[in-house]
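K.L.:
Show me the folded form of this:
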Amino acid sequence: MIRNSIKAKPQSRRLAFGNRSFNGKPLLIQRKLPDYRIDFFIALNKACGVRLCYWQRPFHDQAERRQHLPEAIAFPGHSGASTLRDCIRLISVLLATRPAEVICEAASGFPLFWLLVLLRPWFGYRLLGWGHGINNRDWARASVGWRFWVAVFAMKRLQGMILYSSERAEELQRRVPGLPVYVAPNSLDTESFCRHSHALSSAALSPADKKLRLIFLGRLIESKKLDLALNALKALTFEDWEFRIIGDGPLRETLVSQYGSDPRIRFLGAITDPVRLGEELHQADLMLHPGNLGLAVLHSFAYACPILSCHSGSATIQHGPEFELLDESNSVLCDAEPSVIAAQLVLLNGNRPMLKKLGEQAREAVESSRGIPRMVEGFRKALRKIDQTDPESNSLLVAL
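P.N.:
Here you go, the predicted structure:
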């Protein structure tokens, strides 16, 4: 009877050592868990059963994270504090969870990514990389450096790459023929942002005066080129404007000392309340953000706030993959010179209907192409595809 029951069990893939069959959910290795990613990981777990493994920092927010992601595996401390300890932890998780699929940040400077590449033949899991594919610096200068080719060495040993950007996905496929590449557009909870934006518009809460309201959202660091924006304001030929700066960082004290005496320039610090932040963006006419753009694009566009920024590659500017949303229908791009930025502000101030139209089309761009469901779907497609290409797979994702 025992022998017959064993024969009746369906065949499953096995680990190379220990002869253990896969029975765990897909595992995603993440160095840290920023607040803006929580909603995405919750949705990814519900849709695909992906289980998160991350490093918990700081220690005091561990309980809150586990409340949002009850299946998550949280390591205390910082990723990279002890590479040997991290390797032991990761191997123990692989042995305990036995995932058929593993997704990991494909960063050449992340030791555990290389460990996963090394261990894959022995554990037998299917490995997906997740990231930019081509980093912002290489993308800005339209050429790749040695770090890219080091990463390619690992990519060729993966079952595929998940990228944030369709443009970078096309370029990566061109440079690495045969590599399966999937797109999961980098996103925030833009659906709720857009709903809030429409509600604010319906309530007619926008200021009635003609003042040009400018806003900045981001960390106060050199790469954001906030000094370009502030110097451009000095060259304006009109006086009725204000610039509200949301964010904090190492340059705040210096910037306040240099520009804070002008009452039209307000340093508001970081705003974590999403309702208040949405109201600030809704009331703004334009985001003035010359330097490196990232997820601020999605936040700004969701509240119908167009962007004035500078060309990638100009003054060492290296935009993130979200920059591909910007075009002449929703934003204004110019050279990274204060006089050029000032000239664009004068033109926009003199054509408020066009400025409003840019904002409406910015929100439409986010509504039609971004959102957590679309990002989750990119991961789902990648997991489905690698599962279908493995004839021995027993993954539950086939049924999705």
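
K.L.:
drop to CA atoms for contacts and neighbour counts, all remaining ones
P.N.:
Fine.

K.L.:
got the domain boundaries for the chain?
P.N.:
The chain breaks down into these domains under automatic domain parsing: 2-187+372-399, 190-369.

K.L.:
Make a markdown table out of these and add mean pLDDT and mean neighbour count.
P.N.:
Listed next are the domains of the chain as a markdown table, based on pLDDT from 0 to 100; neighbours: other Cα atoms under 10 Å:
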| stretch | mean pLDDT | mean neighbour count |
| --- | --- | --- |
| domain 2-187+372-399 | 82 | 17 |
| domain 190-369 | 95 | 18 |
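
K.L.:
Tell me which stretches of the protein form strands.
P.N.:
Counting by DSSP state E, residue ranges of the strands within the chain are 27-30, 51-56, 73-76, 101-105, 126-131, 160-163, 181-183, 212-217, 241-246, 265-269, 286-288, 307-310, 331-334.

K.L.:
Parallel or antiparallel, list what pairs with the third one.
P.N.:
It refers to strand 73-76. Using DSSP bridges, the strands paired with strand 73-76 are strand 51-56 (parallel).

K.L.:
now the angle from the partner strand to strand 101-105?
P.N.:
With axes from the mean of the first three to the mean of the last three Cα atoms, to 10 degrees defining the directions, strand 51-56 sits at 30 degrees from strand 101-105.

K.L.:
thinking again about what came up before, I'd like the strands of the chain as a markdown table, with distance to Ala343 appended.
P.N.:
Listed next are those as a markdown table, based on distance: least, Cα to Cα, whole Å:
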| stretch | distance to Ala343 |
| --- | --- |
| strand 27-30 | 43 |
| strand 51-56 | 46 |
| strand 73-76 | 50 |
| strand 101-105 | 41 |
| strand 126-131 | 37 |
| strand 160-163 | 36 |
| strand 181-183 | 37 |
| strand 212-217 | 14 |
| strand 241-246 | 14 |
| strand 265-269 | 19 |
| strand 286-288 | 13 |
| strand 307-310 | 12 |
| strand 331-334 | 10 |
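
K.L.:
Out of those strands, the one nearest Ser223 is which?
P.N.:
strand 307-310 (12.1 Å; Cα to Cα).

K.L.:
residues contacting Met375?
P.N.:
The neighbourhood of Met375, defined by Cα atoms under 8 Å, 6 or more residues apart in numbering, consists of Phe40, Ala184, Pro185, Asn186, Ser187.

K.L.:
what does Leu268 give?
P.N.:
Applying Cα under 8 Å, 6+ apart to Leu268 gives the contacts Arg244, Ile245, Ile246, Gly247.

K.L.:
Go again with 6 Å.
P.N.:
The contact partners of Leu268, by Cα atoms under 6 Å, 6 or more residues apart in numbering, come to Ile245, Ile246.

K.L.:
now it: how far from Asn349?
P.N.:
In this view, Leu268 and Asn349 are 23 Å apart by Cα to Cα, to the nearest Å.

K.L.:
what sits against the residue lying closest to Lys224 once chain neighbours are set aside?
P.N.:
Closest residue to Lys224 in three dimensions, ignoring its sequence neighbours and counting by Cα to Cα, 6 or more residues apart in numbering: Gly291, at 3.9 Å. Taking Cα under 6 Å, 6+ apart as the criterion, Gly291 is in contact with Ser223, Lys224, Lys225, Ile317.

K.L.:
Please repeat the previous calculation with a cut-off of 8 Å.
P.N.:
For Gly291, counting by Cα under 8 Å, 6+ apart, the contacting residues are Ser223, Lys224, Lys225, Leu226, Ser309, Cys310, Ile317, Gln318, His319.

K.L.:
ok, so of those, who is nearest Leu212?
P.N.:
For those, the closest approach to Leu212 (Cα to Cα) belongs to Ser309, at 16.5 Å.

K.L.:
dump the residue contacts of the nearest residue to Val376 once chain neighbours are set aside.
P.N.:
Closest residue to Val376 apart from its sequence neighbours, by Cα to Cα, 6+ apart: Leu44 at 5.6 Å. For Leu44, the contacting residues are Val50, Val376, Phe379, taking Cα under 8 Å, 6+ apart as the criterion.

K.L.:
Distance to Thr83 for those - can I get that in JSON lines?
P.N.:
Formatted as JSON lines, the contacts of Leu44 follow (distance: Cα to Cα, whole Å):
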{"residue": "Val50", "distance to Thr83": "24"}
{"residue": "Val376", "distance to Thr83": "30"}
{"residue": "Phe379", "distance to Thr83": "28"}
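
K.L.:
Pick out whichever of those residues sits closest to Gly160.
P.N.:
Proximity of the contacts of Leu44 to Gly160 (Cα to Cα) peaks at Phe379, which lies at 11.0 Å.

K.L.:
Let me know whether that closest one touches Ile162 as I believe.
P.N.:
Yes. Taking contacts as Cα atoms under 8 Å, Phe379 lies within contact range of Ile162: 7.2 Å.

K.L.:
Ala336 versus the residue nearest to Lys224, what's the distance?
P.N.:
Between Gly291 and Ala336 the distance is 8 Å, computed by Cα to Cα.

K.L.:
Need the residues touching each of those two.
P.N.:
With contacts defined as Cα under 8 Å, 6+ apart, the residues shared by Gly291 and Ala336 are Cys310.

K.L.:
Which residue, other than its chain neighbours, is closest to the most centrally placed residue in the chain?
P.N.:
Among the residues of the chain, the one closest to the centroid is Asn186, at 4.5 Å (Cα atoms, centre = their mean). In space, not counting the residues next to it along the chain, Asn186 is nearest to Tyr164; the distance is 4.9 Å by Cα to Cα, 6+ apart.

K.L.:
what residues are up against Tyr303?
P.N.:
Under the criterion of Cα under 8 Å, 6+ apart, the neighbours of Tyr303 are Phe193, Cys194, His196, Ser197, Gly278, Leu281, His282, Gly359, Arg363.
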